[in-house]
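Colleague: This is a predicted model, with the sequence first.
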Amino acid sequence: MPKKKLVIFPFNGNGIEALDCISFDEYELVGFVDDDPSKKSNLYDIYTREILHQYNDLYVLAVPGSPSSFRRRNDIISSLGIDTNRYIKAIHPSASIGRNVKIGVNCLIMAGVVLTSNARLNDHVCVLPNSVIHHDTVVDEYTLIGSNVVVAGGTSIGRNCYIGSGTNIINGISIGDSSLIGLGSNILKNVAGSAKMVGNPARDLNAHINHEVL
């Protein structure tokens with residue numbers, strides 16, 4: 001059976017690390033797609049978006065996003081303009097996937113990640129190495145979770161969030177959409193949408209700024 005042809009968008013750190021998570025028994029890497037014409041590589045071919053529409057048989061893994069752009073992941077991925085059935089999910093062979101775990105389309109699960117019973121990752125979620133997402137947690141669409149993050153059971157993480165590496169999140173709380181959780185933060189209570197949380201215990205820098213303005 002011929003291999004499926006795959007491109008990764010964009011040519012960034014997540015995209016390069018995703019190569020470790022893809023089964024090359026199933027997929028043939030054609031190259032990367034990127035909007036920045038200045039990006040070059042001696043190892044991989046880099047194409048413009050045109051290739052996505054020239055070849056409708058290409059499968060896609062789209063993993064844009066950083067602490068500065070994570071809130072636009074929805075818009076960036078949607079702007080590719082391709083059918084949902086062309087997206088793949090990439091799960092590193094060393095990841096541990098528990099019972100009744102659900103993983104949506106275009107998700108990237110890196111090395112050493114643990115997803116325990118009944119956890120759910122909705123579409124377009126990235127989880128970096130060695131993070132643990134415990135039972136009955138829901139991670140909503142377009143969220144990025146850094147490395148060595150621990151999310152305790154029954155937690156709800158909203159859309160378009162960025163959870164910085166080394167963060168610990170207590171069980172049974174909710175984190176609102178578009179929130180940024182800084183590196184190494186300890187989250188001990190519910191987080192409002194569009195928050196900017198840092199520290200131990202974490203506090204919302206946006207709330208502090210608004211208080212000073214008032």
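Modeller: Good, I have the coordinates.
Colleague: Low-confidence regions, this structure specifically.
Modeller: 208-214 (pLDDT under 70).
Colleague: now the helices for this structure?
Modeller: Applying DSSP state H to the chain gives helices spanning 13-18, 50-54, 73-78, 205-213.
Colleague: In CSV: these, plus distance to residue 196 and mean neighbour count.
Modeller: C-betas here are computed from N, CA, C, even on glycine. What follows is these, written out as CSV (distance: least, C-beta to C-beta, whole Å; neighbours: other C-beta atoms under 10 Å):
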stretch, distance to residue 196, mean neighbour count
helix 13-18, 22, 18
helix 50-54, 34, 12
helix 73-78, 17, 17
helix 205-213, 4, 11
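Colleague: Those into JSON lines, with extra columns for distance to residue 122?
Modeller: What follows is these, written out as JSON lines (distance: least, C-beta to C-beta, whole Å):
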{"stretch": "helix 13-18", "distance to residue 122": "18"}
{"stretch": "helix 50-54", "distance to residue 122": "23"}
{"stretch": "helix 73-78", "distance to residue 122": "12"}
{"stretch": "helix 205-213", "distance to residue 122": "25"}
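Colleague: count of neighbours near residue 25?
Modeller: 6 (other C-beta atoms under 10 Å).
Colleague: Centroid-nearest residue for this protein?
Modeller: In the chain, the centroid-proximal residue (C-alpha atoms, centre = their mean) is residue 126; its distance is 2.0 Å.
Colleague: quick one, what contacts that residue?
Modeller: 14, 63, 65, 107-108, 110, 143-145 (C-beta atoms under 8 Å, 6 or more residues apart in numbering).
Colleague: closest to residue 7 out of the helices of the chain?
Modeller: helix 50-54 (6.7 Å; C-beta to C-beta).
Colleague: Can you give the contact residues for the closest one?
Modeller: Contact with helix 50-54 is made by 7, 30, 33, 58, 60, 80-82, as judged by C-beta under 8 Å, 6+ apart.
Colleague: Also stretch 134-145?
Modeller: With contacts defined as C-beta under 8 Å, 6+ apart, stretch 134-145 is touched by 65, 70, 73-74, 77, 98, 104, 116-128, 131, 133, 150-163, 171, 177.
Colleague: among these, which ones are buried?
Modeller: When these are checked for burial by 16 or more other C-beta atoms under 10 Å, the buried set is 65, 70, 73, 77, 104, 116, 118-128, 131, 133, 150-163, 177.
Colleague: Among those, which are located in strands?
Modeller: Mapping these onto strands (DSSP state E) picks out 120-121, 126-127, 133, 150-151, 156-157, 162-163.
Colleague: Test my guess that residue 164 contacts residue 182.
Modeller: Yes. Here residue 164 reaches residue 182: they are 5.0 Å apart, a contact under C-beta atoms under 8 Å.
Colleague: what's the distance between residue 78 and residue 191?
Modeller: Taken as C-beta to C-beta, to the nearest Å, the spacing of residue 78 relative to residue 191 amounts to 25 Å.
Colleague: Domains in this structure, by residue range?
Modeller: Following automatic domain parsing, the chain resolves into domains at 4-86, 90-200.
Colleague: Quick check: which of the ones you listed is nearest to residue 206?
Modeller: domain 90-200 (4.9 Å).
Colleague: End to end on that closest one, go ahead and measure it.
Modeller: Start-to-end span of domain 90-200 (C-alpha to C-alpha, to the nearest Å) is 33 Å.
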